[in-house]
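>>> what follows is a protein structure lacking sequence information:
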């Protein structure tokens, strides 16, 4: 297995770890459901009407 040739500095280590920090705060983009018109996350079944790609996938009461 490969071994590090030199010690990684705290600065370099922390810079690498900080790359994903703002990913936690990202607001997902929303699109409009073509069936009911509600705002939903793209490529997901609509939780309001149960439709995906023009057909009913889940029955919603």
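Received, thanks. A quick note: this is a predicted structure, and the numbers were derived from the prediction, not measured.
>>> alpha carbons only for contacts and neighbour counts from here, please
Will do.
>>> ok now do residue 32, which residues does it touch?
38, 39, 40 (C-alpha atoms under 8 Å, 6 or more residues apart in numbering).
>>> closest one of those to residue 6?
When the contacts of residue 32 are compared for distance to residue 6 (C-alpha to C-alpha), residue 40 wins out at 48.2 Å.
>>> tell me, what's the model's pLDDT at the closest residue to residue 59 other than its chain neighbours?
Beyond its immediate neighbours in the sequence, the residue positioned closest to residue 59 (C-alpha to C-alpha, 6 or more residues apart in numbering) is residue 50, lying 5.8 Å away. Looking at residue 50, its pLDDT stands at 94.
>>> now residue 23: how far from residue 52?
Going from residue 23 to residue 52 by C-alpha to C-alpha, to the nearest Å gives 27 Å.
>>> of these two, who's got more company?
Between residue 23 and residue 52, residue 52 has the larger neighbour count (other C-alpha atoms under 10 Å), namely 18 against 9.
>>> phi first, then psi, for the more buried one.
When quoted as degrees, to the nearest 10, the phi and psi of residue 52 stand at phi -150, psi 130.
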